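**Q** Just a sequence and a predicted model for now, questions to come.
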Amino acid sequence: VQLVESGGGLVQAGGSLRLSCAVSGLTFGNSAIAWFRQAPGKEREGIACIVSGNDDTVYSDSVKGRFTISRDNAKNTAYLQMNSLGPEDTAVYYCNAVRILTRREYWGQGTLVTVSS
């Protein structure tokens with residue numbers, strides 16, 4: 001199983017980025033997908049999740065209303081659209097997949113997002 005994040009980079013405050021998570025080796029449609037982030041000196045926090053089937057989503061308070069998680073099962077890819085970015089959003093962003101039947105989870109290597117003020 002491999003998860004590969006992309007789309008990170010440097011953006012000015014108020015800007016937008018879209019992260020992608022390409023998943024292979026896993027039945028994507030039977031997996032829940034989540035995005036986590038870890039800022040320097042802080043613990044990793046879960047910020048968005050999308051379940052399989054009905055595509056229900058859940059967001060942390062820190063990103064609700066600004067970030068949108070989505071998935072394209074035909075492309076085995078999940079996305080995180082990030083708008084109205086601020087310096088507090090600077091972090092390494094990780095994609096996480098959980099196989100529904102076994103609850104086994106998998107992680108990507110992370111992609112760095114830096115927001116300048």
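**A** Good, I have the coordinates.
**Q** CA only for contacts and neighbour counts going forward, please
**A** Will do.
**Q** Ser52 contacts Ser31, doesn't it?
**A** Yes. With contact defined as C-alpha atoms under 8 Å, Ser52 reaches Ser31; the gap is 5.8 Å.
**Q** who's more crowded, the two?
**A** Ser31 (23 against 17; other C-alpha atoms under 10 Å).
**Q** That one and Cys95, how far apart?
**A** Noted for Ser31: a distance of 12 Å to Cys95, by C-alpha to C-alpha, to the nearest Å.
**Q** What of Ala22?
**A** To Cys95, Ala22 is 9 Å away according to C-alpha to C-alpha.
**Q** The two: which is more packed in?
**A** It is Cys95, of Ala22 and Cys95, that has more neighbours when counted by other C-alpha under 10 Å, with 30 against 18.
**Q** and the more buried one, what is it in contact with?
**A** 3-5, 21, 33-36, 107-110 (C-alpha atoms under 8 Å, 6 or more residues apart in numbering).
**Q** Now it: which helix or strand?
**A** Using DSSP states H and E, Cys95 maps to strand 91-99.
**Q** Pull out the buried residues from the helix or strand just after that strand.
**A** Sequence-wise, the next helix or strand downstream of strand 91-99 (DSSP H and E) is strand 105-107. Using 16 or more other C-alpha atoms under 10 Å as the test for burial, strand 105-107 gives 106-107.
**Q** what's strand 105-107 packed up against?
**A** Applying 3 or more C-alpha pairs under 8 Å, 6 or more residues apart in numbering; DSSP states H and E, one finds that strand 105-107 makes contact with strand 2-6, strand 91-99.
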